[in-house]
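Enquirer: Test case, fold it:
(4 chains)
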There are 4 protein chains.
Amino acid sequence: MLAATKEQTGLAIVTEVITPNDVELVSRYADCLQIGTRNCQNYKLLEACGDQGKPVLLKRGMSMTLDEYLQAVEYILAKGNSNVILCDRGIRTFEDHTRNTLSLSVVPEMHCRSHLPVVIDPSHGTGHARLVPDMARAAVAAECDGLIIEMHPNPAHALTDGAQSIGPGVLAELMQSLDRVAAAVDRRCQPLMGALD
Amino acid sequence: MLAATKEQTGLAIVTEVITPNDVELVSRYADCLQIGTRNCQNYKLLEACGDQGKPVLLKRGMSMTLDEYLQAVEYILAKGNSNVILCDRGIRTFEDHTRNTLSLSVVPEMHCRSHLPVVIDPSHGTGHARLVPDMARAAVAAECDGLIIEMHPNPAHALTDGAQSIGPGVLAELMQSLDRVAAAVDRRCQPLMGALD
Amino acid sequence: MLAATKEQTGLAIVTEVITPNDVELVSRYADCLQIGTRNCQNYKLLEACGDQGKPVLLKRGMSMTLDEYLQAVEYILAKGNSNVILCDRGIRTFEDHTRNTLSLSVVPEMHCRSHLPVVIDPSHGTGHARLVPDMARAAVAAECDGLIIEMHPNPAHALTDGAQSIGPGVLAELMQSLDRVAAAVDRRCQPLMGALD
Amino acid sequence: MLAATKEQTGLAIVTEVITPNDVELVSRYADCLQIGTRNCQNYKLLEACGDQGKPVLLKRGMSMTLDEYLQAVEYILAKGNSNVILCDRGIRTFEDHTRNTLSLSVVPEMHCRSHLPVVIDPSHGTGHARLVPDMARAAVAAECDGLIIEMHPNPAHALTDGAQSIGPGVLAELMQSLDRVAAAVDRRCQPLMGALD
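Expert: From the prediction side, this is the model:
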């Protein structure tokens, strides 16, 4: 189905893998493998993703320090795959107005400690669609290398994560404003539409 | 001394008050009273600041939810002083690469819940001078109404908080870039130099 | 009223002070002054309590490390009052099945670092009456020097903190079982009934 | 090697499994499978352990709420294996005097919500050998159903976790005192020596 979707739409496909046995098959069809936050220290899975050649998007575990996160990355790098994309989606704290607590200081900090691209996920990072645009603009101002934003044609009817998904109209406006913020910090936005399986 | 400094420099003076008895005297000379993070639920101090007319900068307590923070604000408002400035400087979490964990989602969230201006303090929010400029730009992109940034002519020799203070050269560059980010979100920067006592 | 209550009942009186101006008056009538968790870094209040002779029960701030807590204690000791009672009532974390998160490891740790008595408050530490007896027994097994337990003749009708208050029958049973646990760690329980104002 | 150790010593063997492929082999030799804290939401591993018949010791993830923890347990139960042992080893918080923050209120709370046995790990829960005995006694007083305590013949030379391991002499004394505390809450201790691989 992934292969068909890709052919019909031309979208890049990012698919989550959850166990080492899936990696080989998924890597044949997806453009990028995602390892979810709950598997960020699933070492056999990290190694299996290091053993294949597709890029790996590794979401930071919700209670990992940055040291622990970068150590987890090493399990992939050590197997010979250096196409790793870092992604923060917030940590777990007492704060309850957001689903997670997303400190953008991780962007300059990870740029200091690693050469890998740093992507921010303001959808999981806040859990509320109304907070996503401001946090997305802030992340671009902090010079992140990418954003993962959940969009749904009709968020109220999404099967999962509807509360944090923005609609197509909001996304279109957001992308225009992101261009302006990116320019203000001497960077450029390149929309890369993808389907998250 | 505050009065003399003010006269000589023309700087606006923001001074922290730590006990109700100080409020009357300080409010005679300072332009704005600050209540520190450790006193954010010191209710008698909040009331004393509500009983005078100078603006009050109330720093969010490091383990307060936003609900609790806005309830603390009510102690000032209830006494008749509506010139309150909200200020987030981060919360306490397990994260150890920063002094505190500063989620900029508080900016749109507090704008939703309150009409009061929202100021961000990236110096305490990160604790590291090298992270301050990116977080300051991000805060402006998230449409905060003000920034508190610690600057010291020679951070390495500051008596306190040197690690999180930027030098005058960095500040000058930062202010230029803040202008650009502000313009990208249709806002304007107005530098307001002040001495923090 | 405090004086009358004390005379009529013979109960020891512990009263919270919330601002330095109250300290002198309260210390005339109360047997012990309490400083609440939100005032644990209210330094002028700490000093005022250090300037008088009644014992001081200092509740740990909900986001203070033990180092910071013991530094706060020094503000009292430095003024010459060494009758300080340490009290932990839990810290603020992401955990949501309890009101606060109470780690009893603070008991042996504070006994290591300080000569002061260590009291545990399982009522605030859990926020739920049904968890209080087990946590009280555990605290005694960890060799705490005292417990603060909220009791109300009719918890369902308490003006505050009813959810964490146990009734008189539960308290009576609890005290018997605390005697047995205390004996098992070679200590002895001495009930000290007090009214918390 | 596990089989040989078991035959020679008569010790019960608890072995950690880290990927579904290991489960079948390990379950042939071990008496109990352990799922570590970093794999507590590794759903394929949970299901694989549910598909075999040996007991499963599931360590709570360090940033999971109790609701999330008990939902993870369901992945094992749903596959037909009801021999699950709950185990708390503390959560991650700002607290820095211990490796993790271990609130014993989870014992009565999990007894309320589940029929499964609740085991406490004061070694990981504190990270410091000197805090282990008091926390072990406290856990027994809170009526836990088991303890996991790390012991090493010579903790200073342990390959891992030496700082939190107690020596054989301390363990022998601790077990005597645990008997007394258990008796005080009308329970009985049964030492079950095991080798943790």
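
Enquirer: For chain D, what's the nearest residue on chain A?
Expert: Chain A approaches chain D most closely through residue A:63 (3.3 Å), counting by CB to the nearest CB. Quick note: C-beta positions are derived from backbone N, CA and C, even for glycine.

Enquirer: Quick one: neighbours of that residue, just the number.
Expert: Residues contacting residue A:63 under the criterion other CB atoms under 10 Å in any protein chain shown number 24.

Enquirer: quick one: it and residue B:99, what's the gap?
Expert: 19 Å (CB to CB, to the nearest Å).

Enquirer: The residue of chain A closest to chain D touches residue D:62, doesn't it?
Expert: Yes. Applying CB atoms under 8 Å, one finds residue A:63 in contact with residue D:62, separated by 5.4 Å.

Enquirer: Need the residues touching each of those two.
Expert: In terms of CB atoms under 8 Å, 6 or more residues apart in numbering or on different chains, residue A:63 and residue D:62 are both contacted by the residues residue D:92.

Enquirer: Run through who's touching stretch A:24-40.
Expert: A:2-3, A:6, A:12-18, A:23, A:42, A:45-46, A:49, A:52-62, A:64, A:69, A:72, A:85, A:89, A:124, A:194, A:196-197, D:41-42, D:61.

Enquirer: Among the residues you listed, which ones are in strands?
Expert: Of those, the ones assigned to strands by DSSP state E are A:12-16, A:56-59, A:85, A:194, A:196.

Enquirer: Narrow those residues to just the buried residues.
Expert: When those are checked for burial by 16 or more other CB atoms under 10 Å in any protein chain shown, the buried set is A:13-16, A:56-59, A:85.

Enquirer: Any chance of those in TSV with pLDDT and distance to residue A:94 as columns?
Expert: Shown next, in TSV, are these (pLDDT from 0 to 100; distance: CB to CB, whole Å):
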residue	pLDDT	distance to residue A:94
A:13	90	37
A:14	93	31
A:15	94	33
A:16	96	28
A:56	98	32
A:57	98	28
A:58	98	26
A:59	98	22
A:85	98	29
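
Enquirer: Keep only those of these that are also close to chain D.
Expert: Filtering these for neighbours of chain D using CB under 8 Å from any CB of the partner chain leaves an empty set.

Enquirer: ok, which stretches of chain A are helices?
Expert: Here chain A has its helices, by DSSP state H, at A:2-9, A:20-29, A:43-50, A:66-77, A:106-113, A:122-126, A:132-141, A:168-184.

Enquirer: okay if I get the ones you listed as CSV plus distance to residue C:187?
Expert: Output for the helices of chain A, formatted as CSV (distance: least, CB to CB, whole Å):
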stretch, distance to residue C:187
helix A:2-9, 65
helix A:20-29, 53
helix A:43-50, 45
helix A:66-77, 40
helix A:106-113, 48
helix A:122-126, 49
helix A:132-141, 53
helix A:168-184, 63
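
Enquirer: In TSV: the ones you listed, plus mean neighbour count and mean pLDDT.
Expert: As requested, the helices of chain A are exported to TSV (neighbours: other CB atoms under 10 Å in any protein chain shown; pLDDT from 0 to 100):
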stretch	mean neighbour count	mean pLDDT
helix A:2-9	12	78
helix A:20-29	16	95
helix A:43-50	23	98
helix A:66-77	18	98
helix A:106-113	20	98
helix A:122-126	28	97
helix A:132-141	29	98
helix A:168-184	16	96
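
Enquirer: so which of these comes closest to residue D:164?
Expert: Closest approach to residue D:164 among the helices of chain A is made by helix A:66-77 (18.0 Å; CB to CB).

Enquirer: Distance of the residue lying closest to residue A:158 once chain neighbours are set aside relative to residue A:130?
Expert: Distances taken as CB to CB, 6 or more residues apart in numbering or on different chains place residue A:152 nearest to residue A:158, at 4.4 Å, with adjacent residues excluded. Residue A:152 is 15 Å from residue A:130, where distance means CB to CB.

Enquirer: between these two, which one's more packed in?
Expert: Counted by other CB under 10 Å, residue A:152 and residue A:130 do not tie: residue A:152 has more neighbours, with 19 against 15.

Enquirer: ok, now which ones touch that one?
Expert: For residue A:152, the contacting residues are A:158, A:162, A:165-167, by CB under 8 Å, 6+ apart.

Enquirer: Verify the stated contact: residue A:64 with residue A:41.
Expert: Yes. In this structure residue A:64 lies within contact range of residue A:41 using CB under 8 Å: 7.3 Å.

Enquirer: how many neighbours does residue A:79 have?
Expert: Neighbours of residue A:79 using other CB under 10 Å come to 15.

Enquirer: and it, what is it in contact with?
Expert: A:47, A:49-51.

Enquirer: Chain B versus that one, what's the distance?
Expert: 26 Å (CB to the nearest CB, to the nearest Å).

Enquirer: If we ignore the residues flanking it in sequence, what's nearest that residue?
Expert: Looking at residue A:79 with CB to CB, 6+ apart, the closest residue is residue A:50, at 2.7 Å.

Enquirer: surely that neighbour meets residue A:82?
Expert: No. Between residue A:50 and residue A:82 there is no contact under CB under 8 Å: 9.2 Å.

Enquirer: got a list of what the closest residue to residue A:113 other than its chain neighbours touches?
Expert: Excluding the flanking residues, the one nearest residue A:113 by CB to CB, 6+ apart is residue A:70, at 6.3 Å. Residue A:70 makes contact with A:110, A:113-114, according to CB under 8 Å, 6+ apart.

Enquirer: ok, of those residues, which one's closest to residue A:190?
Expert: The closest of these, once distances to residue A:190 are taken by CB to CB, is residue A:110, at 20.3 Å.

Enquirer: Might you report the residue contacts of the closest one?
Expert: A:66, A:70, A:86, A:88, A:116, A:118.

Enquirer: ok, it to residue D:96 distance?
Expert: In terms of CB to CB, residue A:110 sits 23 Å off from residue D:96.

Enquirer: same thing with residue A:55?
Expert: With CB to CB as the criterion, residue A:55 and residue D:96 are 36 Å apart.

Enquirer: out of the two, which sits in the more crowded spot?
Expert: Taking neighbours as other CB under 10 Å, residue A:55 and residue D:96 compare with residue A:55 leading, 17 against 12.

Enquirer: The more buried one and residue A:87 touch, don't they?
Expert: No. Applying CB under 8 Å as the test, residue A:55 and residue A:87 come out as separate, 11.6 Å apart.
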